[in-house]
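In: dropping the sequence and predicted coords here.
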Amino acid sequence: MSWPKPVDALWRDLESVRAELLREVEGLSQRQAEWRPTPRDWSVGEVIDHLTIAEIATGKLTTKLTKEVAPTGFPADLAEFAALPVSVSEAANAPESVWPTHGKSLPELLSTLKATRERSRQSFDRLAACDPRALRFKHFRLGELDLAQWWRLAAEHDRVHLGQVRDVKRAPGFPAA
């Protein structure tokens with residue numbers, strides 16, 4: 001399926017930041033994936049788990065919102081998606097529903113992350129078949145977002161946590177292997 005330009009641009013952004021994240025964790029050992037700079041910090045593996053859980057939630061939200069309306073087709077007048085209401089440049093306390101589990105195997109985490117992204121393509125097919133401005137749901141911190149903004153948030157969320165992964169890897173005491 002060929003997507004409208006705003007949908008395709010958003011997908012390419014999601015894929016670009018995800019590719020950076022995957023390059024950043026490539027070759028890490030299980031020990032490195034589980035290491036935390038402090039007991040309160042997340043490990044690289046926990047970040048990956050959290051991103052997967054959050055993306056699954058956005059996919060489920062897409063399914064829920066798009067099932068509630070008849071497909072109208074993508075609006076011809078929608079050339080660009082709305083920006084997020086505030087900058088998402090730093091981590092915030094995540095709701096418990098998207099907290100990660102410590103100690104999962106790194107190959108399993110990466111496999112699940114990649115499979116989740118493949119399923120997200122189906123969500124983008126749904127996004128491309130409707131007017132996302134009419135499909136709204138409240139975010140716990142950002143308030144009311146339309147469906148396209150939820151996916152824009154997913155890309156920004158990956159960027160924030162990509163920075164977190166880099167910080168963990170640069171932290172004093174990060175294992176050599």
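Out: Arrived safely, thanks for sending.

In: local confidence estimate at the spatially most central residue of the chain?
Out: By CA atoms, centre = their mean, the chain has its centre lying nearest to Ala154, at 3.6 Å. Note on Ala154: pLDDT of 97.

In: dump the residue contacts of it.
Out: Leu14, Ala54, Glu55, Thr58 (CB atoms under 8 Å, 6 or more residues apart in numbering). For every residue, glycine as well, the C-beta is placed using N, CA and C.

In: tell me where the protein has strands.
Out: 136-139, 143-146 (DSSP state E).

In: okay if I get these as CSV plus mean pLDDT?
Out: Listed next are the strands of the chain as CSV, based on pLDDT from 0 to 100:
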stretch, mean pLDDT
strand 136-139, 95
strand 143-146, 96
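
In: burial measure for Arg133, as a count.
Out: 14 (other CB atoms under 10 Å).

In: I misspoke; the intended subject was Lys169.
Out: Quick note: Lys169 (other CB under 10 Å) scores 16 neighbours.

In: that one against Glu26, yeah?
Out: No: with contact defined as CB atoms under 8 Å, Lys169 and Glu26 do not form a contacting pair (11.7 Å).

In: highest mean neighbour count out of the strands of the chain?
Out: strand 143-146 (a mean of 15; mean count of other CB atoms under 10 Å).

In: that one: how far from the chain's middle?
Out: In this view, strand 143-146 has its centroid 16 Å away from the chain centroid, taken as CA atoms, centre = their mean, to the nearest Å.

In: walk me through which strands that strand pairs with, and which way each runs.
Out: Partners of strand 143-146 in the sheet, by DSSP bridges, are strand 136-139 (antiparallel).

In: chain center to the strand it pairs with: distance?
Out: Worked out by CA atoms, centre = their mean, strand 136-139 lies 16 Å from the chain centre.

In: who touches it?
Out: Leu61, Leu65, Glu144, Leu145, Asp146, Leu147, Trp150, Leu153.

In: same thing but at 6 Å, please
Out: Contact with strand 136-139 is made by Leu61, Glu144, Leu145, Asp146, as judged by CB atoms under 6 Å, 6 or more residues apart in numbering.

In: which two in these are spaced the farthest apart?
Out: Taking CB to CB, the two most distant members of these are Leu61 and Glu144; they sit 12.9 Å apart.

In: which ones are touching Asp146?
Out: Pro132, Arg133, Arg136.

In: now it: how far from Val88?
Out: 15 Å (CB to CB, to the nearest Å).

In: ok, Trp99 next?
Out: From Trp99 to Val88 the distance is 18 Å (CB to CB).

In: start and end of stretch 60-80, how far apart?
Out: Stretch 60-80 stretches 23 Å from its first residue to its last (CA to CA, to the nearest Å).

In: for stretch 132-139, same thing?
Out: Using CA to CA, the two ends of stretch 132-139 sit 15 Å apart.
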